[in-house]
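Undergrad: Got a predicted structure plus its sequence, pasted below:
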Amino acid sequence: MAVNFTPGRTSAIISTDITEVPYHAARSLLRVFFTLTLSTVFTLISGTAAARLRRAEKVLVPILGILQSIPILVFMPIALTFFITIFPNHLLGFGLAAIFVIFTSQV
C-alpha cells in the first residue's frame, strides 16, 4: 500500500503470475482479519456502553440502526473519494477505503 500511484500517469501493474496469488490472498486475508478484530473491539465497547449507560443506549442504538439500514454501495464511493483525497498518490487510500467498507459492513 506504500506504492506511489498517480491516476492517469502511473500504471498499477498487478502480476497475474500464479506464484503471486498466495501473496495477494495473504494481503486480502490480513485486511479482513485486521478489520474483523477492529469491528469486534468496537462492538464490545459500544455494546457494553449501550448496556450499562442509559444515555449511550439512547444515542448508540438509533445511530447504529440507521447506519445499518444504509446500503454499503451508497457510501462506498464517498469513502473511496475521501481516503484517496487524504492519501494522494499512494495506494494506501485504496487499502484504507477497503478496510473502512469491510468495517462498516461487519459492525
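TA: Ah, there it is. Numbers count the residues shown, from 1 in each chain.

Undergrad: on contacts alone, who are the packing partners of the helix or strand hosting E57?
TA: Using DSSP states H and E, E57 falls within helix 54-69. Applying 3 or more CB pairs under 8 Å, 6 or more residues apart in numbering; DSSP states H and E, one finds that helix 54-69 contacts helix 21-52. Just so you know, the C-beta spots here come from the backbone N, C-alpha and C atoms, and that holds for glycine as well.

Undergrad: now the angle between helix 54-69 and the helix it packs on, please.
TA: Put simply, helix 21-52 runs at 140 degrees to helix 54-69, going by axes from the mean of the first three to the mean of the last three CA atoms, to 10 degrees.

Undergrad: Can you list the buried residues in helix 21-52?
TA: R31, T35, S39, S46, A50 (16 or more other CB atoms under 10 Å).

Undergrad: Can you tell me which of these lies closest to L73?
TA: Lowest distance from L73 to the buried residues of helix 21-52 (CB to CB) belongs to T35, with 17.9 Å.

Undergrad: residues contacting the closest one?
TA: T35 makes contact with I99, I102, F103, Q106 under the criterion CB atoms under 8 Å, 6 or more residues apart in numbering.

Undergrad: Now the buried members of these.
TA: Buried among the contacts of T35 (16+ other CB under 10 Å): I99, I102.

Undergrad: Any chance of TSV for the contacts of T35, columns secondary structure?
TA: Below are these laid out as TSV (DSSP: H, G, I helix; E, B strand; the rest coil):
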residue	secondary structure
I99	helix
I102	helix
F103	helix
Q106	helix
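
Undergrad: and the helix or strand where V101 lies, what other elements does it pack with?
TA: Element membership for V101, per DSSP H and E: helix 92-106. On a contact count with 3+ CB pairs under 8 Å, 6+ apart, helix 92-106 meets helix 21-52, helix 72-86.

Undergrad: And that helix, how far out from the chain middle?
TA: When C-alpha coordinates are averaged (CA atoms, centre = their mean, to the nearest Å), helix 92-106 and its chain have centres 1 Å apart.

Undergrad: Contacts made by that helix with the rest, please.
TA: By CB under 8 Å, 6+ apart, the surrounding residues in contact with helix 92-106 are 1-2, 31-32, 34-36, 38-39, 42, 67, 72, 75-76, 79-80, 82-87.
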